[in-house]
Structures are given as C-alpha cells and as structure tokens.
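> have a look at this prediction, sequence included:
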Amino acid sequence: MSFDRMWAELAPVGRAADGGYHRYTWAGADTDARAWFTGEAAARGLDVRTDRNGNLWAWWGGPGPGAVATGSHLDSVPDGGAFDGPLGVVSALAAVDELRARGVRPARPLVLAVFVEEEGGRFGVPCLGSRLTAGEISPERARGLADADGVTWAEAMAAAGHDPDLIGPDPDTLASLDVFVELHVEQGRALEDTVHPVGVASAIWPHGRWRMDFTGRADHAGTTRLADRNDPMLPFAHAVLAARAQAEEHGARATVARSVIVPNGTNAIPSLVSAWLDARADSEDTLTAVVEGVRARAEAAAREHGVGVAMTAESRTPLVSFAHGLRDRLAAVVGTRAPDPRVPVLPTGAGHDAGVLAAHVPTAMLYVRNPTGVSHSPKEWARPDDCHAGVLALADVLQDLLARPVGEVAP
C-alpha cells in the first residue's frame, strides 16, 4: 500500500532525537512537510493551490462546486506525536491511490485539504487556518498573534512568501464543499477494547483556552520579607490547583500546561506570570462553570497576595454535533468492512478543523485505533494494519459520497 512508503518518507520531518515532533507553522519542518504534500499531490496530477489563509487544497477534477473534501493538518504541538494530523493527510493521498486502483473516476471534484496552524503550537490559537476561512477570527487579530519570540503571524506568513493582508473569510471555498470528512488517530483508547480498527465521531465537546495574567512586583528573593511581597506565583499556584479541582468536581477536563514567568530568575520574585488554561466539558454550562470556578479562585488568591489578575478568552469552541445523517452513513459504510457492523460512534474532547467547518459544511470524522490511548506525545501510535484499515475505510466513504447526488446529506 502506498501509505507505507509515504509514511516512511514523512516520518523524519521535524522529529527530534527523543522521537517528539516540532513542526511549527511557517517554520522549517512544517514548511518541509507542506512541500512534501505538494509534491505527492502534484505527482498524482492533482491541482494544488494555497488559499489566502495558507491552507493547501489539492483538487482531483479541478476546483468546482459539490466537492467532497477530506484532509487534516501537518503541524504539531511541541514534542508531539507522529499521527495527530499527518495520519489524515497521508491517508487522504493513499485513499486517492486506492480509488484510482478501483477504477473510480469522480463525477464531481474530490479535494484534499491541509489546514495551517491547527494545533496553535506556535501562535496560540488552534485551528487558525480553518477559523480564518470560516470567518471565526478576525484578520486583524490573527495578523497580530505572536509566537514566543515575538514574531507575529503576519511577519511569519510574509517571510514564508504569502501576503498576510489577504487573510480572512473565504465563503467561496466553503460554498464549493458539499461534505468534509476528516480521518484522525483516536485520542483515547475506546477502540482498543473492541474488534474495530476504525470508529466514527459523534460530537466534539465544548472547549477553549483562557489566558491568565498575574501582575505583582519584582523584588529580591533573599531580602524581601514575606509580608512585604506581591508575588504572582502564589495566586498562579492556586489557579493551577483550582483547575484540577473544578475538573474533578464537574467531570470535565482542565489543564494549565504553559506559563511564562518574568523575569524568570531563581533569586527574583516575579513581576508577572502569564499562564494558559485549557478547559473542556460535555456541555456549555459545565464548561462555563469550570472556567468561572478557576477565575473565582484566582481572583480571591490575587486579592490575598496583593496581585493583579486578568483572565481573557483566547479561543472558545461550542459543542459540535456532527451531522447525524452523514455520521450514520459513515458508520454504515465502515461497517460493511468491519469485523462487526456495529461500528463504535464516539465523542471526543479534542478540537479539530472538522469541528470548525461543521458550522458551515456537513462534516464527519473517522478515528483510527490508538492502542496506547496517548496523544500529543511521542507515545501516540497506531498499528500499521489499523492505518491500512483507516485508508480503506476512508476510500470506501469517499467513493460512497462521490457516487451520491450533491446535497444528499441528511441533517
């Protein structure tokens, strides 16, 4: 299967010595991965185009209305795994090969998409390429987003040879899509306890990211009395513990995994701690309760220690329930090849470009089994046989959708 060759070629791109991946948007490894995709798509005679937001679109049959779309992303979180994103991209290319081997000649366009900055690993806002396309973030805000070195999205995009002044909503591209299907490695291990190598998504939990800035007063760690300190590390610590407590109380997920400390000296009391809360829950009300619980504890601790605090939302995605008719159709198609026709239909707490597009285009997702259950880590994995099953499932789904009339997707 062509999947194996492509996977082996892409695997070294951006991989560190410890096995983790560092593919950051508009930087070296991500640029190399995008070039690899462009080359593979061009070798298949696909018409590859970069849209105004930096997303790649590889058309089989030429751009046009009623398109069936599939794809994912190539960027990674810091020290991420090999499968999150690239599995969907490589599988899409391999599915084209499979369809051609079957003699399929689409009567309407099939397009493979690679979305930019899905992880938010460099500029902080996840699914940025799809959000820009869908008009869910303003071009002005996107251009001003900066990485850890202070390089803005606009500067990085221009350095990569694209015009940041052109970014923004792309209703024409969205209008050309009849349906979008994203294949992704499972982020959990629900499928491992079944006979199924491939499952179908039911919904994406509401989720978001909030920035917390704790502003204190820099001072000497050895000479400043405890009673005289305005130490932002203390309310920050309370906020971290509150995130865990709120998640446990509400059956949700809340994580503080990134912080920036100023001046970050061993013998200096900080003047500023900036940290990011990632929160996810099974309902909007529960998510709000978790975030407000963290906010209340952070504000109370800040008052106690004479520290200022500001908490602002950087992104928030509502509950996404994938189109039931499309979801059920995928489950039926995948079930024809599965050991058991009752294919698992699973919710997820992870965000995806599919979740952004779902508000504009009938959208669905396929999951490939992950025996470790680990994601966003080098231990993320899928067996080769399960990857092959994912390619065949995707090809089956695409063939089925291409053969159906445009617009024939039940709500």
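Ah, there it is.
> give the contact list for the closest residue to residue 194 other than its chain neighbours.
What sits nearest to residue 194 in space, not counting adjacent residues and going by Cβ to Cβ, 6 or more residues apart in numbering, is residue 344, at 5.9 Å. Any C-beta I mention is one placed from the backbone N, CA and C, and that applies to glycine too. For residue 344, the contacting residues are 190-191, 194, 196, 199-200, by Cβ atoms under 8 Å, 6 or more residues apart in numbering.
> if we go to 7 Å?
190-191, 194, 196, 199 (Cβ atoms under 7 Å, 6 or more residues apart in numbering).
> those, buried ones only, as a ChimeraX selection?
Those of the contacts of residue 344 that count as buried under 16 or more other Cβ atoms under 10 Å are selected in ChimeraX with:
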select :190,191,196,199
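> backbone dihedrals for the closest residue to residue 374 other than its chain neighbours, both of them.
Once flanking residues are discounted, residue 374 sits nearest to residue 380: 5.3 Å by Cβ to Cβ, 6+ apart. Dihedral pair for residue 380: phi -60, psi 140, per degrees, to the nearest 10.
> pull the longest helix from this protein.
Ordering each helix of the chain by length in residues (DSSP state H) puts helix 284-304 first.
> quick check: mean pLDDT of that helix?
Across helix 284-304, pLDDT averages out at 98.
> now do it: distance to the chain's middle.
Centroid separation between helix 284-304 and its chain, computed with Cα atoms, centre = their mean, to the nearest Å, is 25 Å.
> could you export that helix as CSV, CA atoms only?
Taking C-alpha atoms only, helix 284-304 is exported to CSV below (Å, rounded to 0.1, in the frame of the first residue of the first chain):
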residue,chain,number,x,y,z
GLU,A,284,-21.6,24.6,27.5
ASP,A,285,-22.9,25.1,31.0
THR,A,286,-20.4,22.8,32.5
LEU,A,287,-17.5,24.4,30.7
THR,A,288,-18.6,27.8,31.9
ALA,A,289,-18.8,26.5,35.5
VAL,A,290,-15.3,25.1,35.3
VAL,A,291,-13.8,28.3,33.9
GLU,A,292,-15.7,30.6,36.3
GLY,A,293,-14.6,28.4,39.2
VAL,A,294,-11.0,28.8,38.3
ARG,A,295,-11.5,32.5,37.8
ALA,A,296,-13.1,33.0,41.2
ARG,A,297,-10.2,31.2,43.0
ALA,A,298,-7.5,33.0,41.0
GLU,A,299,-9.1,36.4,41.9
ALA,A,300,-9.5,35.6,45.5
ALA,A,301,-5.9,34.4,45.8
ALA,A,302,-4.7,37.5,43.9
ARG,A,303,-6.5,39.8,46.4
GLU,A,304,-5.0,38.0,49.3
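> tell me the helices and strands packed up against that helix.
strand 207-215, helix 233-250, strand 272-280, strand 308-317 (3 or more Cβ pairs under 7 Å, 6 or more residues apart in numbering; DSSP states H and E).
> so residue 274 makes contact with residue 260?
Yes: applying Cβ atoms under 7 Å, one finds residue 274 in contact with residue 260, separated by 4.6 Å.
> looking at these two, which one has more neighbours?
Between residue 274 and residue 260, counted using other Cβ atoms under 10 Å, residue 274 has the larger neighbour count: 17 against 13.
> residues in a beta bridge with that one, which ones?
On the basis of DSSP bridges, residue 274 is bridged to residue 213, residue 260.
> that one and residue 66, how far apart?
46 Å (Cβ to Cβ, to the nearest Å).
> can you give the contact residues for the longest helix of the chain?
So helix 284-304 is contacted by 206, 210, 212, 214, 234-235, 238-239, 242-243, 246-247, 250, 252, 254, 277, 279, 281, 308-309, 311, 318-319 (Cβ under 7 Å, 6+ apart).
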